[in-house]
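> Give me coordinates for this.
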Amino acid sequence: MNIDEDFLKSKIRDVPDFPKKGIIFKDITPLLLDHEAFSYAIQQILDKVKDKKIDVVASAESRGFILGAVLAYELKAGFVPLRKPGKLPYKTIKQEFQTEYSTDTFEVHEDAIKKGQNVLIVDDLIATAGTMVAAINLVKKLGGKVTECIVIIELPDLHGREKIENEECELFSLIQFEGD
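Residues are numbered from 1 along each chain as shown. Model (predicted):
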């Protein structure tokens with residue numbers, strides 16, 4: 001089987017009007033279910049960062065956790081979950097952010113990232129970049145250095161890439177869906 005960007009795209013399910021009317025949710029669970037697609041996606045990301053020193057992988061709740069934990073294991077790096085408020089048991093710092101359909105907040109343990117550590121931020125999707133910018137801000141608040149931001153899916157029409165570049169971070173996406 002030829003695994004490429006089109007194959008990965010075929011493993012993304014559109015769910016109309018979720019989580020609210022007018023949104024077309026890009027569901028990665030079919031990709032996660034397909035061993036070849038999931039393995040290919042993880043390997044593409046590993047190939048992208050293989051020459052970078054990564055101390056920590058940070059990922060946003062909740063689909064980002066799936067990717068981040070696997071990548072942290074493969075990179076022999078630590079894993080830092082960025083959680084919704086009230087989910088972490090220790091002292092936290094927080095960052096509020098706006099998505100295309102809500103306002104939300106992430107928290108991270110105040111000792112999760114040490115000053116100067118190289119951090120890879122991973123999530124399933126970038127749309128308007130609210131989630132990713134919040135993750136970048138949390139890493140910076142803790143003194144970490146964002147080495148790269150990586151997503152499976154990018155929705156270029158929502159201009160999230162420009163916001164990431166404004167944060168002086170590099171963004172890598174495996175697949176893009178134009179006009180969605």
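> Now do stretch 10-20: distance from first to last residue.
End-to-end distance of stretch 10-20 (CA to CA, to the nearest Å): 23 Å.
> Buried residues, that stretch. List them.
Judged by neighbour count using 16 or more other CB atoms under 10 Å, the buried positions of stretch 10-20 are 11, 12. In this view, the C-beta of every residue, glycine as well, is placed from N, C-alpha and C.
> cool, and stretch 18-38?
Under the neighbour-count criterion of 16+ other CB under 10 Å, stretch 18-38 has 26, 27, 28, 31, 32, 34, 37, 38 buried.
> Which pLDDT value belongs to the nearest residue to residue 84 once chain neighbours are set aside?
Nearest residue to residue 84, sequence neighbours excluded (CB to CB, 6 or more residues apart in numbering): residue 61, at 5.6 Å. Residue 61 is assigned a pLDDT of 90 by the prediction.
> Residue 61 contacts residue 81, correct?
Yes. Contact criterion CB atoms under 8 Å: residue 61 and residue 81 qualify, at 6.7 Å.
> quick one: which of these two has more around it?
Comparing residue 61 with residue 81 by other CB atoms under 10 Å, the one with more neighbours is residue 81, at 21 against 16.
> From residue 5, how far out is the more buried one?
From residue 81 across to residue 5, the span is 29 Å (CB to CB, to the nearest Å).
> ok now do residue 10, which residues does it touch?
Under the criterion of CB atoms under 8 Å, 6 or more residues apart in numbering, residue 10 has no contact partners.
> Might one say that residue 143 is in contact with residue 111?
No. The pair residue 143 / residue 111 is not scored as a contact, 10.9 Å apart, by CB under 8 Å.
> how deep is residue 145 tucked in, by neighbour count?
14.
> which residues touch the closest residue to it other than its chain neighbours?
The spatial neighbour of residue 145 that comes closest, neighbours along the chain excluded (CB to CB, 6+ apart), is residue 118 at 5.5 Å. Contacts for residue 118 were tallied using CB under 8 Å, 6+ apart; they are 52, 53, 54, 55, 56, 144, 145, 147.
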